[in-house]
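Novice: When you get a sec, could you give me coordinates for this:
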Amino acid sequence: MADDKIDSLTSGVWSERVFIVTNDYEIKGDVFMPKVGKKNRLISDILNSTKSFIAVKNCSLEYRLLKDRDIEHYDFLQLNLNSVILIRPLGKNE
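Specialist: Next comes the predicted model:
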């Protein structure tokens with residue numbers, strides 16, 4: 001795909017690398033929202049959305065209760081917002 005086509009597909013969204021905790025998992029990945037409003041409200045907008053699910057891309061999934069289990073990696077994960085206990089931005093070195 002040409003670079004200009006990729007830019008046109010992604011220029012209308014904000015993205016943020018986040019850390020998400022659920023009862024069973026710790027997830028690190030990228031979340032996206034349309035460029036409406038301010039980027040610093042991205043996570044608030046996701047949590048206050050009327051949608052039931054959030055798309056997480058380029059993510060790692062670690063089992064909280066089974067720490068000896070391998071970390072799984074996925075290109076795309078659909079997560080029910082009702083299962084989210086905590087979501088926060090990740091720093092550049094996390």
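
Novice: Please count neighbours and contacts with C-alpha atoms only from this point.
Specialist: Will do.

Novice: With Asp68 as the reference, measure out to the residue most central in space within the chain.
Specialist: The residue lying closest to the centre of the chain (CA atoms, centre = their mean) is Val31, at 3.2 Å. Distance of Val31 to Asp68, computed by CA to CA, to the nearest Å: 27 Å.

Novice: tell me which element the residue nearest to the centre of the chain is part of?
Specialist: Val31 belongs to strand 25-34 when assigned by DSSP states H and E.

Novice: Touching, the residue nearest to the centre of the chain and Ser15? I think so.
Specialist: Yes. Using CA atoms under 8 Å as the test, Val31 is close enough to Ser15 to be in contact (5.6 Å).

Novice: how about the nearest residue to the residue nearest to the centre of the chain, chain neighbours excluded?
Specialist: Val56 (5.1 Å; CA to CA, 6 or more residues apart in numbering).
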